[in-house]
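In: Please work out how this folds:
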Amino acid sequence: MKKTPVPASVPVHAVAPSRKKPAPSSTATLAASLTPSNIPPFIDSEPYYGGDRIVSTQVENGINYVVQCTVSAPYVNSSTVYMMSAGHCGPTGTAWNQGYFDGSNIYISGSMGTASSVQWGNNRIDGALLTGASYAPYIWTDGANYVSAHVTGAATVVPKGVNPGTGVCTDGSFTGYACGGTVSFTNACANISEGSVVYYVCGLDIADSATPIVQSGDSGGPVVVPTSGGVLMAGTISAQSNGGKEVLFSDVNYLQQVFAVSVAS
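Out: This is a model prediction of the structure:
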């Protein structure tokens, strides 16, 4: 989560994507463009994909903030399709737009929906379901060139030890699509600080990398296991340590269980 204190009023501008979203394409291992502009993951069109940036205005203790996070992937319960993000990004009822904040202005393509169910802290997992927009089971792997990967289901990851450990990629909207992570722990609980408050969060997996694969603002983004047909969802980015070389993520199977949903494919 990237949280910026702002004046009471911040200009909001509607922006259209630079071009129409093409038919879904194959997986690439290139990072997304890190310069905010009218291309994904900064400005997208419906149906929205995992890896898109989201932005909201929130008031906490009388202070106005612009909060930026990332969305993970669609999940489904019966006939309702939701988009998953991180619970610590905002409480139930938070209205999210798809777009970004450049430090002075908010640019949006439209509504990403409202947080209808949130889990965070107090021994709970870190997750949030958004509803109210159109979502598709793809994640951006190279937004600058409109390259995406199909989410084909849920993964079960294993830690390194007797096994080599499951390899994962992250897709936060600030870092881009980054591979090289290896799962080191599963089913963990951790103390995660949010400002001056420490929350005890469970249902986490942890992956380590030789290079940074996550940073502030990537919260809520997908953690995936690449496959020949696309990617399997491993979880949702929750926190980082070791300069972004360690990512803590909410395990997809716990998310499915807690929210009574299934990964859309």
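In: Just to be sure, R19 is in a helix?
Out: No. Assessed by DSSP: H, G, I helix; E, B strand; the rest coil, R19 does not belong to a helix; its assignment is coil.
In: Tell me which residues touch the nearest residue to it once chain neighbours are set aside, please.
Out: Using C-beta to C-beta, 6 or more residues apart in numbering and skipping the chain neighbours, the partner closest in space to R19 is Y146 (7.6 Å). The C-beta positions use only the backbone N, C-alpha and C, and glycine is treated the same way. Y146 makes contact with 19, 21-22, 25, 39-40, according to C-beta atoms under 8 Å, 6 or more residues apart in numbering.
In: burial count for T141?
Out: When neighbours are counted by other C-beta atoms under 10 Å, T141 registers 28.
In: separation between it and T4?
Out: 27 Å (C-beta to C-beta, to the nearest Å).
In: ditto for V81
Out: V81 is 30 Å from T4, by C-beta to C-beta.
In: More neighbours: which of those two?
Out: Each of V81 and T4 has its neighbours counted (other C-beta under 10 Å); V81 has more, 18 against 12.
In: Please state the offset of stretch 202-214 from the chain centre?
Out: With C-alpha atoms, centre = their mean, to the nearest Å as the basis, stretch 202-214 stands 14 Å off its chain's centre.
In: Switch the contacts of Y146 over to a markdown table; also include neighbour count, distance to G220 and pLDDT.
Out: Shown next, in a markdown table, are these (neighbours: other C-beta atoms under 10 Å; distance: C-beta to C-beta, whole Å; pLDDT from 0 to 100):
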| residue | neighbour count | distance to G220 | pLDDT |
| --- | --- | --- | --- |
| R19 | 10 | 26 | 76 |
| K21 | 17 | 21 | 79 |
| P22 | 10 | 25 | 74 |
| S25 | 15 | 23 | 59 |
| I39 | 19 | 20 | 92 |
| P40 | 29 | 15 | 93 |
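In: out of those residues, who's nearest V197?
Out: Nearest to V197 out of the contacts of Y146 is P40 (C-beta to C-beta; 32.9 Å).
In: Could you pull up the residues touching the closest one?
Out: Applying C-beta under 8 Å, 6+ apart, the residues near P40 are 17, 32, 49, 51-52, 140, 143, 146.
In: hang on, it is in a helix, isn't it?
Out: No. Assessed with three-state DSSP, P40 is coil; it does not lie in a helix.
In: quick one: it and G195, what's the gap?
Out: Counting by C-beta to C-beta, the gap from P40 to G195 is 30 Å.
In: try G143
Out: For G143, the distance to G195 (C-beta to C-beta) stands at 30 Å.
In: Between the two, tell me which one has more neighbours.
Out: The neighbour count for G143 versus G195, taken as other C-beta under 10 Å, is higher for G143 (29 against 8).
In: How about the more buried one, nearest residue that isn't a chain neighbour?
Out: Going by C-beta to C-beta, 6+ apart, G143 has P40 as its nearest residue, at 3.6 Å.
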